[in-house]
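Undergrad: Based on what follows, work out the 3D shape:
(4 chains, ligands or ions: 4)
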Amino acid sequence: MTLIDRPMSHAPVRTPAAAPVAGLTETSTLTVAKAINAGLRQAMIDDPKVVLLGEDIGALGGVFRVTSDLLAQFGPHRVIDTPLAESAIIGTAVGLAYRGYRPVAEIQFDGFIFPGFDQIVNQVAKLHYRTQGAVRMPITIRVPFGGGIGAAEHHSESPEAYFTHASGLRVIAVSDAQDAYSLIRQAIACDDPVLYFEPKRRYHVKGEVVPQLGEPMERAVVVSPGTEVTLVCYGALVATARDAALAAADEGMSVEVIDLRSLAPVDYAAVEASVRKTGRLVVTHEAANSGGLGGEIVASITERCFEYLEAAPVRVTGFDIPYPAAKLERHHLPDLDRILAGVDRVLGR
Amino acid sequence: MTLIDRPMSHAPVRTPAAAPVAGLTETSTLTVAKAINAGLRQAMIDDPKVVLLGEDIGALGGVFRVTSDLLAQFGPHRVIDTPLAESAIIGTAVGLAYRGYRPVAEIQFDGFIFPGFDQIVNQVAKLHYRTQGAVRMPITIRVPFGGGIGAAEHHSESPEAYFTHASGLRVIAVSDAQDAYSLIRQAIACDDPVLYFEPKRRYHVKGEVVPQLGEPMERAVVVSPGTEVTLVCYGALVATARDAALAAADEGMSVEVIDLRSLAPVDYAAVEASVRKTGRLVVTHEAANSGGLGGEIVASITERCFEYLEAAPVRVTGFDIPYPAAKLERHHLPDLDRILAGVDRVLGR
Amino acid sequence: MTAISTDFIQLLSPLGERMPHADFDPWLADIDTAALAALYEDMVVVRRIDTEATALQRQGELGLWPPLLGQEAAQIGSARALRDDDYVFPSYRENGVAYCRGVGLTDLVKVWRGSAQSGWDPASVRMATPAIIIGAQTLHATGWALGARFDGADSVAVTYFGDGATSEGDVNEALVFAASFQVPVVFFCQNNQWAISEPVGVQAHADIASRAPGFGIPSLRVDGNDVLAVMAATRIALDRARTGNGPTFIEAVTYRMGPHTTADDPTRYRDPADLAAWGRRDPVLRLRALLERLGHLTPEFEAQIAARADAVAAELRAGCIALPDPPALSVFDHVYATPHAGLDRQRDEYAGYLAGFDAAPTEPTAATQPVASTPKGSL
Amino acid sequence: MTAISTDFIQLLSPLGERMPHADFDPWLADIDTAALAALYEDMVVVRRIDTEATALQRQGELGLWPPLLGQEAAQIGSARALRDDDYVFPSYRENGVAYCRGVGLTDLVKVWRGSAQSGWDPASVRMATPAIIIGAQTLHATGWALGARFDGADSVAVTYFGDGATSEGDVNEALVFAASFQVPVVFFCQNNQWAISEPVGVQAHADIASRAPGFGIPSLRVDGNDVLAVMAATRIALDRARTGNGPTFIEAVTYRMGPHTTADDPTRYRDPADLAAWGRRDPVLRLRALLERLGHLTPEFEAQIAARADAVAAELRAGCIALPDPPALSVFDHVYATPHAGLDRQRDEYAGYLAGFDAAPTEPTAATQPVASTPKGSL
Ligand SMILES: Cc1ncc(C[n+]2csc(CCOP(=O)(O)OP(=O)(O)O)c2C)c(N)n1
Ligand SMILES: Cc1ncc(C[n+]2csc(CCOP(=O)(O)OP(=O)(O)O)c2C)c(N)n1
Ligand SMILES: [Mg+2]
Ligand SMILES: [Mg+2]
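TA: Ligands and ions are numbered 1, 2, ... in the order given. Presented below is the predicted three-dimensional model:
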């Protein structure tokens, strides 16, 4: 035979799991990581076409254990440990979507999404448009994001703005256990591709989880009502922003905190309604200021309700620097003090 | 011998060019493409460490002929046709920079930069910071960008905003032959990495070129003075914006057109000075609105001179869609009419 | 002039001699003279499509066209080996493959006329639309094949790409994934000796076919201008895939006899002697010579084929010219599969803007806007 | 338990027997007992560095540490083959290589303590700082080697990466470019059988070493726990590169005996029997056994080595703990090599903000901010 051949070991046997797997049935207190795990499990129970793929998501359960036990429960044809190549993880998900699957790809850390960037912005984002709706890309890309964990380079980044500029994608960032659970289910059920950003440094924070889908993922929510300043945030900074609102209240300032949840599209109706009331806007995120989501929100709100603005909107963000060394990250990340300083500024204090 | 070997053809022989090459010595009328070519040639004459690399830049002279004749003049060790792989083009440039070279990489079309995205944002942008200044990355990445040429998908994109969000990079976009010449020389001479965006649909537009370095590349320039509206633009849209300013003048509106030239950093001093005078800002670009540079500029100017603004700034941009088919691109690209409509809007007309 | 390597499998010599091959011949047992005639018709027709499309481009009806001239055997031989339920993930040059899959002639040129970003519904012909990002489609094929394996189906994904593409990370990652998961995919590389202006020697100092075994994927190197060698190799690869033996890599050694696209000027970089040498290895003439040897090349047969090619060309031309321009607001369609507040707002605003123009048609004049009405450009 | 493939070149058996090898032995002619003793010292010392750094991590002095336990022969054997003017492009695990290059002990841990994003000036030791993006550094090595070729130098770039890295597009593109330009680069793959929790079988069904020849790059597969085989292979590869014969690929078959990093828990995915089996192939014990056979393992020698290791460990610990925290405003330093208006503004603003805090030290309290003061996390 003329095949240029060499012996191959056997392909891994892919057997379906035996016992039926149960989802969350009652309100439970879960960490953010466990809530995502529960949401993934439910999505996999609901739809046999949901498959997970990524690096170390099987036996290890992911470096953050977000996919713990899912390999045992669903088998290796539903929870796929892939070779180490992000472009291929995304590109393979595209092919699975072509074949009617609903893939959920895990990117191990924020900084490792860039080798997969081309497949995301040139293929995942564009295929539905390119084919005039003939090919759907119901792909969810899970990305632990953000800093504050004292990690090495590339492990603390906030790349979300890159994806909000790529038309065709939806972008979600969750802040607590309930949304972690509900929104991963919504993201997976969505017929559009969704980048789902997980607030890495809040993985271990517990919260009550009602096993429901909840508010549509496109909706922003007011997590702390107020009247004088609108404070827009998402992901890990929601907790910091709530703390800031409490601290501000102590100083007699009334801050309304909005958790965006959806970064693309942004629920401008909700932000606008708040700013029409308060007349003042502060936006905070960990990502660099220039080209970050903050600028987009400030610009859009200025366009929509310029006449209601009583002061220039303020951004409290990471600086325009590569993510710094762990010992310096507190000088980069917005914290309670810097957010309060922003609130002061917008109030002219 | 235990080497798992197979016969290899010979490495290409790399011989230096024989005759001395002359640069531009007097003011000449050149197309934008030829002006870049002249700038590249001058940079290569000035510094033997300047090398060009990319796909089809040698014998073909690039698909737009921007590198025409340079292979013949400088030889294959200065003008390097690479295999077809963008990540490797950038990664190889990084290695050349480690060894003291000053590489100029060509990306054939805007949409093909994404396979190289990781090397650009994770390596080129960060290495100087990572090494606390020990390793410099004087790399220039040339990218023909923008639409309006009736091309197939991925050939008409405006990815500049992605790079303005990546701290560590500088981003330039040129609009005419003089800047094309001067700024490619400045970009190459710069010790920081520079993304150099070339206004593809203006490649064939001629202009006078003085063989000088001109204004520092970080400076924005007023290309058409005015008093009532500040119109910010860059790249191919500068010509359109100038036309719009002329048309507006016919209708009695005085529009000041600013060509940014540098997109990162933006010369906010220049834009601010103009807006303090006019009180009104319009920004135009071909890239999608959401996450585009327009939002950043509107937000920054609002922060800097809120009290001078007489109306909400207006963005006239591409829509939040993947680049559309050629027959539809005129419904996506800002044109004279849409820019004028934006000017009307900011003037409340 | 570059020497032509002939270290590959050949069943049909450039002169049209049928050369026996113990391993490959069994895979062609059903290819009788009628089947050869059908393959010949395919090759003549797709060459004619190519010529017509090139003419349409020269006449300004198409913005661009990537010719397959010289690659007819590689495309027809492989595509005619496929089953309906297989799935093709092509690059931009596989117009011959698309023809075999049943893509409508007008659909073939829609994208090059600039009427749409792709010409057909992939599901209807089980062939994705052209991938312009070099190599990206090889990963899609691998993912599709993984799904097929999960489904227990015996359908196969076949992905086409060029010699230049083998340098891209994506193609190599596809080999890694395909080997790791042992999925039913065929990597079909048309080594046409050029990636635009760069000869294949820039990409690789070893044969392209020797790449795959190092990834644990067996490979075949065939004369890509020999429709029979190509067909047999493809059948072997498909059979391996269907029977659970995983991926196979095929290098079809051929030659791009035309320009890279209609925007290209090969005289800047190509030795005319090379072209002449490869002309003597023409895939269509070769099959024609075999049919002649077999006594099948009657005037009736030739007339029939010519008539068919003429009819196809006429249909292509008429369909191309009749293609309607897409309506303005369709620019916003299908960005998302589900409603999107931000985009809806932009659509509404733009609709209002268009409606604001007094003159019929309700579209901007954009007199000073130098946007070409017919597309041009490179690839 | 997984069977251990021994289809590689071995000069030193697990029991410390010196096995003759016609091709490799000539490359080790100068390796007398003193040289063996020096290699042994290196291996003991870098293992001790590893143990000490792991302890420092457990004690909260380091955020993370990626142990090289088990890979000492692969790193010392290769690094000690290099010339000063060669240049190393490593991943994050090459602490043994860094030691040989002369990287200061404190510099070695700076990055893992979170004091800086890298620990040393690459030019001073001709070794780049760790690349965390898997595989990225292989392209840098290729580019550097291209520059060396242009310069007519006979220096060589050596890039280290893991078995997992071979799946990344970048590594494959580096092979393509290195082959195309025939540059003086050595691709040194430490196949330690694991990419975090994934066994090498997930990445490849063929030997890693068999990958390169398909790219036109010769490769060598050696017992990576055999310092002599590694050194000979590296010298062969370096010699090829220096004499204009282009790139070589080396697969050093070894084993990651520790966790992936100190943040990892291998009990979740690794069969203890595997670890035990590899323990019997330990690279340090093996060289020790040879020295014993050669009569060099005197109590004095052992004491001397132990003293050296102790001294190194003490220096490492003291240096680590004494590392000063970087000043707040240094967060803005070196983003650019030349002044940058936007960033200068941010620095000034933040300096003003810090100055606004009443209490000394002039830094925010950030009481409610859950930012860890010592780093932790994964890799
Ligand atoms: C990622 C990417 N880079 C560059 C290009 C530009 N480009 C289009 S075709 C081509 C050459 C492709 O050569 P090959 O793979 O041999 O296919 P062929 O055109 O010969 O069929 C190049 C460089 C592209 N389309 N995509
Ligand atoms: C691009 C990228 N993706 C993922 C990771 C996360 N990660 C860090 S180490 C590692 C495994 C690397 O395995 P291998 O190449 O075998 O090297 P080893 O750790 O075994 O030395 C992974 C997946 C990363 N650092 N970079
Ligand atoms: Mg080709
Ligand atoms: Mg490994």
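
Undergrad: Do a quick rundown of the strands in chain C.
TA: Per DSSP state E, chain C carries strands over the ranges C:87-89, C:157-162, C:185-191, C:194-195, C:198-199, C:219-223, C:248-253.

Undergrad: As a markdown table, these with mean pLDDT, mean neighbour count and distance to ligand 1 would be great.
TA: C-beta coordinates here come from the backbone N, C-alpha and C atoms, glycine included. Listed next are the strands of chain C as a markdown table, based on pLDDT from 0 to 100; neighbours: other Cβ atoms under 10 Å in any protein chain shown; distance: least, Cβ to the nearest ligand atom, whole Å:
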| stretch | mean pLDDT | mean neighbour count | distance to ligand 1 |
| --- | --- | --- | --- |
| strand C:87-89 | 98 | 29 | 14 |
| strand C:157-162 | 98 | 29 | 2 |
| strand C:185-191 | 98 | 29 | 6 |
| strand C:194-195 | 98 | 24 | 3 |
| strand C:198-199 | 98 | 21 | 8 |
| strand C:219-223 | 98 | 27 | 16 |
| strand C:248-253 | 98 | 28 | 11 |
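
Undergrad: okay, these in CSV with distance to chain D next?
TA: Listed next are the strands of chain C as CSV, based on distance: least, Cβ to the nearest Cβ, whole Å:
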stretch, distance to chain D
strand C:87-89, 18
strand C:157-162, 14
strand C:185-191, 13
strand C:194-195, 12
strand C:198-199, 10
strand C:219-223, 9
strand C:248-253, 10
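
Undergrad: Any residue of stretch A:255-265 touching chain D?
TA: No. Stretch A:255-265 does not reach chain D (Cβ under 8 Å from any Cβ of the partner chain); its nearest approach is 14.6 Å.

Undergrad: export the strands of chain C to JSON lines and tack on distance to residue A:54?
TA: Supplementary listing: the strands of chain C in JSON lines, determined by distance: least, Cβ to Cβ, whole Å:
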{"stretch": "strand C:87-89", "distance to residue A:54": "22"}
{"stretch": "strand C:157-162", "distance to residue A:54": "22"}
{"stretch": "strand C:185-191", "distance to residue A:54": "21"}
{"stretch": "strand C:194-195", "distance to residue A:54": "32"}
{"stretch": "strand C:198-199", "distance to residue A:54": "35"}
{"stretch": "strand C:219-223", "distance to residue A:54": "29"}
{"stretch": "strand C:248-253", "distance to residue A:54": "26"}
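
Undergrad: quick one: which of the ones you listed is nearest residue C:350?
TA: Ranking these by proximity to residue C:350 (Cβ to Cβ) places strand C:87-89 first, at 34.4 Å.

Undergrad: what's in contact with the closest one?
TA: Contacts to strand C:87-89, defined as Cβ atoms under 8 Å, 6 or more residues apart in numbering or on different chains, come from residues A:95, A:98-99, C:79, C:82, C:94, C:97, C:101, C:126-128, C:131, C:137-138, C:140-141, C:144, C:155-160.

Undergrad: and if we set it to 6 Å?
TA: C:97, C:126-128, C:137, C:140-141, C:144, C:157-159 (Cβ atoms under 6 Å, 6 or more residues apart in numbering or on different chains).

Undergrad: Just these: which are in helices?
TA: C:97, C:137, C:140-141, C:144 (DSSP state H).

Undergrad: And for stretch C:216-236, what's in contact with it?
TA: So stretch C:216-236 is contacted by A:3-5, A:8, C:8-12, C:24, C:27-28, C:39, C:73-74, C:76-78, C:81, C:175, C:179, C:209, C:212-213, C:247-254, C:281, C:283, C:287, D:205-206 (Cβ under 6 Å, 6+ apart).

Undergrad: Got the phi and psi for residue A:345?
TA: For residue A:345, the backbone dihedrals are phi -60, psi -50 (criterion: degrees, to the nearest 10).

Undergrad: Could you tell me the model confidence score at it?
TA: The model reports residue A:345 with a pLDDT of 97.

Undergrad: For the nearest residue to it once chain neighbours are set aside, what are phi and psi?
TA: For residue A:345, ignoring the flanking residues on the chain, the nearest one in space by Cβ to Cβ, 6 or more residues apart in numbering or on different chains is residue A:314 at 5.1 Å. Phi and psi for residue A:314, reported as degrees, to the nearest 10, are phi -120, psi 140.

Undergrad: Over to residue A:109?
TA: Dihedral pair for residue A:109: phi -140, psi 150, per degrees, to the nearest 10.

Undergrad: wait, what's in contact with it?
TA: Taking Cβ under 6 Å, 6+ apart, one finds residue A:155 in contact with residue A:109.

Undergrad: again, only using 7 Å
TA: Taking Cβ atoms under 7 Å, 6 or more residues apart in numbering or on different chains, we find residue A:109 in contact with A:144, A:154-155.

Undergrad: neighbours around the one residue in the stretch 101-250 of chain A that gets nearest to ligand 1, how many?
TA: Of all residues in the stretch 101-250 of chain A, residue A:118 sits closest to ligand 1, at 7.5 Å by Cβ to the nearest ligand atom. Burial of residue A:118 is recorded as 30 neighbouring residues (other Cβ atoms under 10 Å in any protein chain shown).

Undergrad: did I read that right, it in a helix?
TA: Yes. Assessed by DSSP: H, G, I helix; E, B strand; the rest coil, residue A:118 belongs to a helix.

Undergrad: Looking at residue A:34 now. What's its pLDDT?
TA: For residue A:34, the model assigns a pLDDT of 98.

Undergrad: Let me know whether residue A:169 touches residue A:162 as I believe.
TA: No. If you go by Cβ atoms under 7 Å, residue A:169 and residue A:162 don't touch, sitting 9.8 Å apart.

Undergrad: Now for the residue of the stretch 101-250 of chain C found nearest chain A: which residues touch it?
TA: In the stretch 101-250 of chain C, the residue that lies nearest chain A is residue C:143 (2.1 Å; Cβ to the nearest Cβ). By Cβ under 7 Å, 6+ apart, the contact list for residue C:143 reads A:91-96.

Undergrad: Could you do residue C:145 as well?
TA: For residue C:145, the contact set (Cβ under 7 Å, 6+ apart) comprises C:157, C:183-185.

Undergrad: repeat for residue A:258
TA: By Cβ under 7 Å, 6+ apart, the contact set of residue A:258 is A:220, A:222, A:230-232, A:270-271, A:274.

Undergrad: So which of the strands of chain C is nearest ligand 3?
TA: strand C:157-162 (3.5 Å; Cβ to the ion).

Undergrad: Other residues contacting the closest one?
TA: If you take Cβ under 7 Å, 6+ apart as the criterion, strand C:157-162 is touched by C:82, C:86-91, C:94, C:97, C:135, C:137-138, C:141, C:144-145, C:148, C:171, C:184-190, C:192, C:195.

Undergrad: So which elements touch the helix or strand harbouring residue A:337?
TA: Counting by DSSP states H and E, the element that carries residue A:337 is helix A:336-346. Applying 3 or more Cβ pairs under 7 Å, 6 or more residues apart in numbering or on different chains; DSSP states H and E, one finds that helix A:336-346 contacts strand A:229-233, helix A:237-250, strand A:281-288, strand A:314-318.
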